[in-house]
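1. show me the folded form of this:
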Amino acid sequence: MTNVANTLTHDETNLLCIYQKNTRVGTMDAIVVMQKYLENDETELKSMSDSLLDKLEKMSDEEFSELELYPDFNL
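-> Sure, this is the predicted structure:
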């Protein structure tokens with residue numbers, strides 16, 4: 001079985017750092033709330049956040065708690 005955390009892209013990891021909460025479900029909720037404020041032309045962010053939500057849904061709470069999240073905006 002593939003570790004879902006290993007499939008996160010650089011941009012998804014940065015997005016996760018921005019909206020990270022104490023729990024996986026709390027983080028997913030924060031991303032869903034953010035999506036409600038997206039404008040129609042923000043399709044790339046919508047697509048990326050949808051992909052991230054899909055990966056978080058497949059990730060276990062244990063996997064989420066083991067993530068080492070540090071934003072890297074230099075790439």
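2. count of neighbours near residue 32?
-> Residues near residue 32, counting by other C-beta atoms under 10 Å, number 12. Every residue, glycine included, has its C-beta placed from N, CA and C.
3. what is the burial count for residue 48?
-> Neighbour count of residue 48, defined by other C-beta under 10 Å: 17.
4. swap that for residue 17, please
-> By other C-beta under 10 Å, 14 other residues sit near residue 17.
5. summarise which helices and strands the helix or strand where residue 50 lies is packed against.
-> Using DSSP states H and E, residue 50 maps to helix 43-58. Under the contact definition 3 or more C-beta pairs under 8 Å, 6 or more residues apart in numbering; DSSP states H and E, helix 43-58 sits against helix 10-19, helix 24-35.
6. and it, what's buried?
-> If you call a residue buried by 16 or more other C-beta atoms under 10 Å, then helix 43-58 has these buried ones: 48, 49, 51, 52, 53, 55, 56.
7. same question, stretch 15-28
-> Going by 16+ other C-beta under 10 Å, stretch 15-28 has these buried residues: 15, 16, 19, 20, 24, 27, 28.
8. which residue packs closest to residue 11, ignoring adjacent ones?
-> Leaving aside its chain neighbours, residue 11 sits nearest to residue 48 (5.8 Å; criterion: C-beta to C-beta, 6 or more residues apart in numbering).
9. thought that neighbour was touching residue 14?
-> No - assessed by C-beta atoms under 8 Å, residue 48 is found out of contact with residue 14, at 9.6 Å.
10. distance of the residue nearest to residue 11 from residue 17?
-> 13 Å (C-beta to C-beta, to the nearest Å).
11. now do residue 64
-> Look at residue 64 and residue 17: by C-beta to C-beta, they are 13 Å apart.
12. do the same with residue 54
-> Where residue 17 is concerned, residue 54 sits at a distance of 18 Å (C-beta to C-beta).
13. residue 33 too?
-> In terms of C-beta to C-beta, residue 33 sits 16 Å off from residue 17.
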